[in-house]
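Okay, predicted coordinates and the sequence, questions at the end:
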Amino acid sequence: MKYGYIRVSSKSQEQNTSLKSQRDAVLTAGAEIVVEEVYSGGTVKDRPKFSELIQELKSGDELIVTKLDRFARTVSEGTTLAKDLYDRGVTLNILNMGKIENSTIGTLLLNVMLAFSQYEKDMINERCREGRMIARQNPNYKEGRPKKFSREQIKLGLALLNEGKTYKQVEAMTGISKSTLIRAKRKNALDSNL
């Protein structure tokens, strides 16, 4: 049996063409069953559907993925996983590389490509860390996503609520969502009780 595995790491990627293009590619390559996963956070090893699929594969099966990073992101993980599949008689087909044979050359090719993949991931992480360190030198820097609405805008929304406007009316007037107004109202109540 030929199994395709496709994955995106965010809901927004699920909605765009990323998942569809992966699905089309593995189906074109002959996948009879396609396992898809939207998984973000954690490590690449934390993919529950992928782990289930790997356990189901048996001798004569073929695992088809579009790119190496859908299979593994580190040399040690990829080598261990590939060895396990080869030992069970499973064929590994990484579409942008081709079928990886259970041979000395196949193992070398896989390890070299995994090393590049791991290097790329590590470089991205390093650049992000450096960017955060530089940003933290700015005295106005704050961790996390910036607030969408200023304190004055929230105060205006709360004032409109106190004047008798409904959440829906305040949201239409200010653009501030009901949930944001409720949180601000709750926070104000807590602050005034202190």
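Nice, thanks for sending it over. Small disclaimer: the values here were computed from a predicted structure and weren't measured.

Strands of the chain, start to end?
For the chain, the strands defined by DSSP state E occupy 2-8, 33-38, 62-65, 91-94, 98-100.

for the first one, what is the average pLDDT?
The reference is to strand 2-8. Throughout strand 2-8, pLDDT has a mean value of 93.

ok, now the fourth one?
For strand 91-94, mean pLDDT is 94.

Which neighbouring elements make contact with it?
strand 62-65, helix 68-71, helix 75-87, strand 98-100 (3 or more Cβ pairs under 8 Å, 6 or more residues apart in numbering; DSSP states H and E). C-beta coordinates here come from the backbone N, C-alpha and C atoms, glycine included.

Could you provide these in CSV, with additional columns for mean neighbour count, mean pLDDT and distance to Gly164?
Formatted as CSV, the helices and strands packed on strand 91-94 follow (neighbours: other Cβ atoms under 10 Å; pLDDT from 0 to 100; distance: least, Cβ to Cβ, whole Å):
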stretch, mean neighbour count, mean pLDDT, distance to Gly164
strand 62-65, 24, 96, 58
helix 68-71, 22, 88, 55
helix 75-87, 16, 92, 59
strand 98-100, 15, 91, 68
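
Determine which of those approaches Leu19 most closely.
Relative to Leu19, the nearest member of these by Cβ to Cβ is helix 68-71, separated by 11.3 Å.

Lovely, talk soon.
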